[in-house]
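>>> Next one to model:
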Amino acid sequence: MSSGYETSYKKSFETLEEAAKYMHDVWYDEYCEDYFFPDEWDEEDRGCPFPKKEEFTYESLKNKFNNKYNKRRVVLIDAYSQYAALIPNEVMLEIY
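Numbering: from 1, shown residues only. Modelled structure (predicted):
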């Protein structure tokens, strides 16, 4: 059963290039450290491997937006945990 606890953080950038640089150069390592990833990532429970750092480059993020119908928001991490019965760590990128 889930506690229902949710924490949300937002960070703004002028361009997708700036967001990608931050996510690739700073955020990814901090995210992994804060949540003990990839060690605490249960691939069997979540049904997928932990995202690689290369998925957060400018070209990769640009391609994610170009391949989505709704190009304003792309979910980058949202693996559902069967054990926790929720998506414990969701990361999305939005363009305004």
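>>> Which helix runs longest in the protein?
helix 58-66 (DSSP state H).
>>> Can you list the neighbours in contact with it?
Outside helix 58-66, the residues that touch it by Cβ atoms under 8 Å, 6 or more residues apart in numbering are 16-17, 19-21, 23-24, 54, 71, 74, 76, 93, 95. Just so you know, the C-beta spots here come from the backbone N, C-alpha and C atoms, and that holds for glycine as well.
>>> now swap in stretch 12-32 and tell me
Counting by Cβ under 8 Å, 6+ apart, 11, 37-38, 53, 56-58, 60-62, 65, 91, 93, 95 sit against stretch 12-32.
>>> Show me which of those residues is closest to Gly47.
Nearest to Gly47 among the contacts of stretch 12-32, counting by Cβ to Cβ, is Pro38 at 14.8 Å.
>>> Quick check: closest non-adjacent residue to that closest one.
Phe50 (4.0 Å; Cβ to Cβ, 6 or more residues apart in numbering).
>>> Which of the three states applies to that neighbour?
Using DSSP: H, G, I helix; E, B strand; the rest coil, the structure places Phe50 in coil.
>>> got it, and Val75?
Taking three-state DSSP as the rule, one finds Val75 in the strand state.
>>> now the residue lying closest to it once chain neighbours are set aside, what's its secondary structure?
Excluding the flanking residues, the one nearest Val75 by Cβ to Cβ, 6+ apart is Met92, at 4.7 Å. Of the three states, Met92 takes strand according to three-state DSSP.
>>> any idea how far Thr57 is from Met92?
17 Å (Cβ to Cβ, to the nearest Å).
>>> of those two, who's got more company?
Taking neighbours as other Cβ atoms under 10 Å, Met92 and Thr57 compare with Thr57 leading, 15 against 10.
>>> If we go by neighbour counts, what in the longest helix of the chain is buried?
Within helix 58-66, the residues scored as buried using 16 or more other Cβ atoms under 10 Å are 58, 60-61, 64.
>>> Mind putting these into CSV with distance to Glu43 and pLDDT?
Formatted as CSV, these follow (distance: Cβ to Cβ, whole Å; pLDDT from 0 to 100):
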residue, distance to Glu43, pLDDT
Tyr58, 27, 96
Ser60, 20, 94
Leu61, 23, 92
Lys64, 21, 87
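>>> Right, I'll call it a day here.
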